[in-house]
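Colleague: No sequence on hand, only this structure:
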């Protein structure tokens, strides 16, 4: 028994509607910011300089400059400037299972000394010098990685 063209069209329409519903549901779950996420830098604590694994960003006169090897300077600076994090409690077992960290040096507008944090880019965690842990929402993690030229 062959299906008529009208029945095939109805099957395709239903399949498309179902696919749009599934993709909308997935998008709403992955791009939603956690309720406890807060900006790391605000008007009183503005990011002015950042160094990550030898890659540096510097804000001078409201303009971001980066190392010559960084191809995504403005988007990288904007992502770090608007970074949102959620405080988390980490157990010793969770800390030991984390992949390698990168030292992150952050300079803020009104402080003389830079702050040194540990950044776990693969897991999306930040650890402050005072041993406070923060998680970066998954939707923001990819924007925090510098694109380096292969020169």
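Modeller: Received it, and whenever you're ready, just let me know what you need. Note that this is a predicted model, so its numbers are computed, not measured.
Colleague: Which other helices and strands does the worst-scoring helix or strand of the chain on mean pLDDT contact?
Modeller: Lowest by mean pLDDT, DSSP states H and E among the helices and strands of the chain is strand 38-39, with a mean of 72. Here strand 38-39 touches strand 84-88, going by 3 or more C-beta pairs under 8 Å, 6 or more residues apart in numbering; DSSP states H and E. For glycine as for every other residue, the C-beta is placed from the backbone atoms N, C-alpha and C.
Colleague: Now do the strands for the protein: every range, in order, please.
Modeller: Here the chain has its strands, by DSSP state E, at 38-39, 47-52, 55-60, 63-66, 84-88, 102-108, 115-120, 125-127, 133-135.
Colleague: okay, the ones you listed in JSON lines with mean neighbour count next?
Modeller: Shown next, in JSON lines, are the strands of the chain (neighbours: other C-beta atoms under 10 Å):
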{"stretch": "strand 38-39", "mean neighbour count": "12"}
{"stretch": "strand 47-52", "mean neighbour count": "19"}
{"stretch": "strand 55-60", "mean neighbour count": "16"}
{"stretch": "strand 63-66", "mean neighbour count": "16"}
{"stretch": "strand 84-88", "mean neighbour count": "16"}
{"stretch": "strand 102-108", "mean neighbour count": "17"}
{"stretch": "strand 115-120", "mean neighbour count": "16"}
{"stretch": "strand 125-127", "mean neighbour count": "20"}
{"stretch": "strand 133-135", "mean neighbour count": "19"}
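Colleague: Alright, calling it a day.
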